[in-house]
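In: below are the sequence and a predicted model; questions follow.
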Amino acid sequence: MPIFWTALLCMAMSTASLAADTLARASETGTLRLGIRADAPPYSYRTTSGEPSGYIVDLCREVAEAVRNSQAIPALKIEYVEVSSASRFDAVRDGKIDLLCDPTSMTMSRRAIVDFSLPTFIDGAGVLHRASEFYRLEELRGKKVGVLRGTTTEDVLKATLSQLKIQAEVIPMQTHPDGVRSLAAGRIDAYFADRGILSYHLTNSQNRAGMKLSDQYFTFETYALALPRGDEKLRLLVDATLAELYRTDRVKQIYARSFGSFPPDQFIRALFVINGVPK
């Protein structure tokens, strides 16, 4: 454990020394760069016409509007930069994007690389499987299990299988659609990912009748926007924007665009109430 924390502190200090001033750069260039995903609906994805969309992308657009107003940049341009699950944190750290707008789970190890905003969502890992199979983790013994590469779900899945001494072949996937297609085609026996993402893909799958989303949560994940370490001005503006959305209930309109009617989920309601921080 001491070695772990020492490594984290070293990473944090090396990253903090390169702290960015995103607001100043946006004022100079007239551009704000938002990192988006192509494959993480309903949070961050591209529509069939190629337009960036999703609940978390919409939150970032609210932040962009706050940057436009606070920095007096009426012609602020939003540049959407596509990132993958494997490259997203490097993109923030290396200054390729100003704000990461995807379903990113906050972890201590990631905080050594990037800073995080107030929470944006609570979800958890689930499993999509063929409708006639799978009831318990133990039934994955000897099976092929897919999971998105470079995610906390991948880490938790491997650790859980090892702890339970379940010998299964874990197959990392490049995108969520790859995982769902592989399951539908019989190349894997189950696909693990965040339940919100799995639910979206199942609803929109041509093979919906042949697959089932398990009711079980294997983890709880708290999402937040990732931004450059040490950029306190940007972080304060991002947090103030989110807090106002939660405090004034405007977030309900944004949520409805991606999820339909406002969810009764007690965890999401509590997140909005707790993080509606006063001015």
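Out: Structure's in. What do you need? Numbers count the residues shown, from 1 in each chain.

In: would you map the helices across this protein?
Out: Under the criterion DSSP state H, the chain contains helices at 2-16, 22-29, 55-70, 88-93, 152-163, 176-184, 195-203, 232-247, 251-259, 266-274.

In: end to end on stretch 111-131, go ahead and measure it.
Out: Stretch 111-131 has an end-to-end distance of 38 Å (criterion: CA to CA, to the nearest Å).

In: what's the residue closest to the geometric middle of the chain?
Out: residue 103 (1.1 Å; CA atoms, centre = their mean).

In: ok, that residue to residue 26 distance?
Out: From residue 103 across to residue 26, the span is 24 Å (CB to CB, to the nearest Å). Backbone N, C-alpha and C define where each C-beta goes, glycine included.

In: can you check residue 110 too?
Out: Applying CB to CB to residue 110 and residue 26 gives a distance of 24 Å.

In: check residue 258 too.
Out: 26 Å.

In: more neighbours: which of the two?
Out: residue 26 (21 against 17; other CB atoms under 10 Å).

In: I figured that one hits residue 75, correct?
Out: No - applying CB atoms under 8 Å, one finds residue 26 not in contact with residue 75, separated by 11.4 Å.

In: what residues does stretch 124-143 touch?
Out: 152-153, 156-157, 160-161, 164, 166-169, 180, 183, 188-195, 198, 201-202, 209-214, 216-221 (CB atoms under 8 Å, 6 or more residues apart in numbering).

In: and if you look at stretch 36-53?
Out: 34, 54-57, 80-85, 88, 101-103, 121, 175-177, 196-197, 200-201, 223, 258-259.

In: also stretch 234-249?
Out: 20, 22-23, 59, 62-63, 66-67, 70, 98-99, 115, 117-118, 120, 225, 227-228, 250-251, 254, 271-273, 275-279.

In: picking that back up, the residue nearest to the centre of the chain: what's its closest spatial neighbour, skipping adjacent residues?
Out: residue 43 (4.3 Å; CB to CB, 6 or more residues apart in numbering).

In: repeat for residue 217
Out: residue 124 (4.0 Å).

In: what number of residues lie near the one you found?
Out: 18.

In: where does it land on pLDDT?
Out: You'll see residue 124 listed with a pLDDT of 88.

In: separation between it and residue 193?
Out: From residue 124 to residue 193 the distance is 10 Å (CB to CB).

In: and the residue nearest to residue 257 when sequence neighbours are not counted, what pLDDT?
Out: Spatially, and ignoring its direct neighbours in sequence, residue 257 is nearest to residue 58 (6.3 Å; CB to CB, 6+ apart). pLDDT, residue 58: 98.

In: tell me the contacts of residue 58?
Out: 254, 257-258.

In: ok, so of these, who is nearest residue 233?
Out: Checking these against residue 233 with CB to CB, the nearest one is residue 254 at 23.9 Å.

In: list the contacts of residue 63.
Out: 99, 225, 237-238, 241-242.

In: mind giving me the PyMOL command for buried ones among those?
Out: A single PyMOL command selects the buried members of the contacts of residue 63 (16 or more other CB atoms under 10 Å):
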select buried, resi 99+225+237+238+241+242
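
In: kindly export stretch 259-279 (C-alpha atoms) in CSV.
Out: Extracted C-alpha coordinates of stretch 259-279, given in CSV (Å, rounded to 0.1, in the frame of the first residue of the first chain):
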residue,chain,number,x,y,z
PHE,A,259,-33.3,8.9,-21.1
GLY,A,260,-36.9,10.1,-21.6
SER,A,261,-38.9,11.0,-18.5
PHE,A,262,-37.0,12.0,-15.4
PRO,A,263,-35.8,8.8,-13.7
PRO,A,264,-37.2,7.6,-10.3
ASP,A,265,-33.8,6.1,-9.4
GLN,A,266,-33.1,7.2,-5.9
PHE,A,267,-29.3,7.3,-6.5
ILE,A,268,-29.6,9.8,-9.3
ARG,A,269,-32.0,12.0,-7.4
ALA,A,270,-29.7,12.0,-4.4
LEU,A,271,-26.7,12.9,-6.6
PHE,A,272,-28.5,15.9,-8.0
VAL,A,273,-29.6,17.1,-4.5
ILE,A,274,-26.3,16.5,-2.8
ASN,A,275,-24.2,18.2,-5.5
GLY,A,276,-26.5,21.2,-6.0
VAL,A,277,-23.9,23.2,-4.1
PRO,A,278,-25.0,26.7,-3.2
LYS,A,279,-23.3,29.7,-4.8
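
In: alright, calling it a day.
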